[in-house]
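Enquirer: Next one to model:
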Amino acid sequence: MSDVRTPAQIEADIVRRREQLAVTLDEIGIRVHPQTIIGDAKAKVASTVDQTVGRAFVAVNRVVSDVKARFTHEDGAPRLERVVPVAVAAVAVVGLLVASSRKHRG
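Expert: Numbering: from 1, shown residues only. Below is the predicted model of the structure:
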């Protein structure tokens, strides 16, 4: 078998390669276009934000569940031995803040 090609075959190969090169150059042009780069960057940031928000939601949900479990019985009834001291402490802190702000105004 010889590797001899006719001028028509060589010309057809050149045309095919030009078309492939044109497609490749168009793809490169699209990839390096500023709008494409900006769009890709925005998509990456949005994905990162979505993942971060998702992780934060899971973490907050876990904390809320833990706190709820500490202040309620399994049947959902409040654990008064834990709720009352926290409520008293919260009222005391609010009272101190109010008294402090009145002291600084007057």
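
Enquirer: Looking at this protein, which helix is longest?
Expert: When the chain is parsed with DSSP state H, its longest helix is helix 34-71.

Enquirer: Figure out how far it is from the centre of its chain.
Expert: Relative to its parent chain, helix 34-71 has a centroid offset of 4 Å by CA atoms, centre = their mean, to the nearest Å.

Enquirer: That one - what's its average pLDDT?
Expert: Helix 34-71 shows a mean pLDDT of 94.

Enquirer: Identify each buried residue in it, please.
Expert: When burial is assessed from 16 or more other CB atoms under 10 Å, helix 34-71 yields no buried residues. Where you see a C-beta, it was placed from the backbone N, CA and C, and this is true even at glycine.

Enquirer: same question, stretch 24-32
Expert: Across stretch 24-32, burial judged by 16+ other CB under 10 Å covers no residue at all.

Enquirer: contacting residues around it?
Expert: residue 36 (CB atoms under 8 Å, 6 or more residues apart in numbering).

Enquirer: Can I get that stretch in PDB, CA atoms only?
Expert: Provided in PDB are the C-alpha atoms of stretch 24-32 (Å, rounded to 0.1, in the frame of the first residue of the first chain):
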ATOM      1  CA  THR A  24     -11.500  25.800  17.100                       C
ATOM      2  CA  LEU A  25     -10.800  29.600  16.700                       C
ATOM      3  CA  ASP A  26     -14.400  30.400  17.200                       C
ATOM      4  CA  GLU A  27     -14.500  28.300  20.400                       C
ATOM      5  CA  ILE A  28     -11.400  30.000  21.700                       C
ATOM      6  CA  GLY A  29     -12.800  33.400  20.900                       C
ATOM      7  CA  ILE A  30     -16.000  32.600  22.900                       C
ATOM      8  CA  ARG A  31     -14.000  31.300  25.800                       C
ATOM      9  CA  VAL A  32     -11.700  34.400  26.100                       C
END
